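Novice: A structural model of the following input is requested.
(2 chains)
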Amino acid sequence: RKEVEQDPGPFNVPEGATVAFNCTYSNSASQSFFWYRQDCRKEPKLLMSVYSSGNEDGRFTAQLNRASQYISLLIRDSKLSDSATYLCVVGPGYQKVTFGIGTKLQVIP
Amino acid sequence: EAQVTQNPRYLITVTGKKLTVTCSQNMNHEYMSWYRQDPGLGLRQIYYSMNVEVTDKGDVPEGYKVSRKEKRNFPLILESPSPNQTSLYFCASGGNQPQHFGDGTRLSIL
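Specialist: Numbering: from 1, shown residues only, chains lettered A, B, ... in the order given. Purely as a prediction, here's the structure:
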């Protein structure tokens, strides 16, 4: 089983839709969780950290389910500019982290 | 402007010819790391460093070396490059996690 698993997609959603991605991880001792965004052929950009209690940043909500070992990212009111690949990142600490292969999102007009 | 600078951005070279990819950050970050990104495999960590003179192996360190003599610089060295090291490489820095990434270096080893 891979350390971090994501559905590669693509997820094609209409503008304004709500979309959610899940990411499962295998190491129950993991302590650090992040979501990154990567545009085609560009560098990854940190979108948000994921905290145990869940956290929100504008239209984006991240949640952690330790019992089932997954994190999720919810995007409300999707914009065309949200089209990108979303990378799930998990690690036992902050330094040595593992990236998922990413979930591709395409928001359609 | 806060940034992570990698050089070169593109390089085509031949097997066995030593090369160095430089990485420099201007944010006084303690943490720096190197990744390679390959289709279907995502980003894989090569090496990371928590501070000057402190480096640790990531998931795929074979065939690579790094050094951290100064806080701002973290070069990636390929002593004897091979075709399986053809990839897109990213350097990252952060307070204690990969927060800022460089633009990437596309290496082709023939």
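Novice: got the residues of chain A near chain B?
Specialist: Residues of chain A found near chain B (CB under 8 Å from any CB of the partner chain) are A:32, A:34, A:41-46, A:87, A:89, A:94-102. Glycine gets a C-beta too; all of them are placed from N, C-alpha and C.
Novice: sitting in strands, which of these do you find?
Specialist: A:32, A:34, A:45, A:46, A:87, A:89, A:98, A:99 (DSSP state E).
Novice: ok, which pair from those residues is furthest apart?
Specialist: A:45 and A:98 (17.9 Å; CB to CB).
Novice: max-length strand in chain B?
Specialist: Chain B, longest strand under DSSP E: strand B:42-51.
Novice: contacts for that strand, please.
Specialist: A:44, A:87, A:95-102, B:30-38, B:55-61, B:64, B:66, B:68, B:71, B:74, B:76, B:89-90 (CB atoms under 8 Å, 6 or more residues apart in numbering or on different chains).
Novice: strands of chain A, start to end?
Specialist: Using DSSP E, the strands of chain A run over residues A:4-6, A:11-14, A:19-25, A:32-38, A:45-49, A:55-57, A:60-65, A:70-75, A:84-91, A:98-99, A:103-108.
Novice: before we move on, back to that, which ones among the contacts of strand B:42-51 map onto strands?
Specialist: A:87, A:98-99, B:31-38, B:55-57, B:66, B:76, B:89-90.
Novice: so if I had to pick from residue A:45 and residue A:98, which one is more boxed in?
Specialist: Here residue A:45 and residue A:98 are compared on neighbour count by other CB atoms under 10 Å in any protein chain shown; more neighbours surround residue A:98, at 23 against 14.
Novice: gap between residue B:23 and chain A?
Specialist: Per CB to the nearest CB, to the nearest Å, residue B:23 is found 12 Å from chain A.
Novice: so that residue lies in a strand, does it not?
Specialist: Yes. Checked against DSSP: H, G, I helix; E, B strand; the rest coil, residue B:23 lies within a strand.
Novice: for it, which non-adjacent residue is closest in space?
Specialist: Excluding its sequence neighbours, the residue lying closest to residue B:23 (CB to CB, 6 or more residues apart in numbering or on different chains) is residue B:91, at 3.5 Å.
Novice: okay, and the beta partners of that neighbour?
Specialist: Listed by DSSP bridges, the beta-bridge partners for residue B:91 are residue B:34.
Novice: hmm, it is touching residue B:73, no?
Specialist: No. Residue B:91 is beyond contact range of residue B:73, at 10.0 Å (criterion: CB atoms under 8 Å).
Novice: give me the common contacts of the two.
Specialist: Contacts common to residue B:91 and residue B:73, judged by CB under 8 Å, 6+ apart, are residue B:23.
Novice: contacting residues for residue A:80?
Specialist: Residue A:80 makes contacts with A:15, A:107, A:109, as judged by CB under 8 Å, 6+ apart.
Novice: if you rank those residues by neighbours, which is first?
Specialist: In the contacts of residue A:80, the most neighbours by other CB under 10 Å go to residue A:107, 20 neighbours.
Novice: bridging residues for that one?
Specialist: residue A:13.
Novice: low-confidence ranges in chain A?
Specialist: Applying pLDDT under 70 to chain A flags the ranges A:94.
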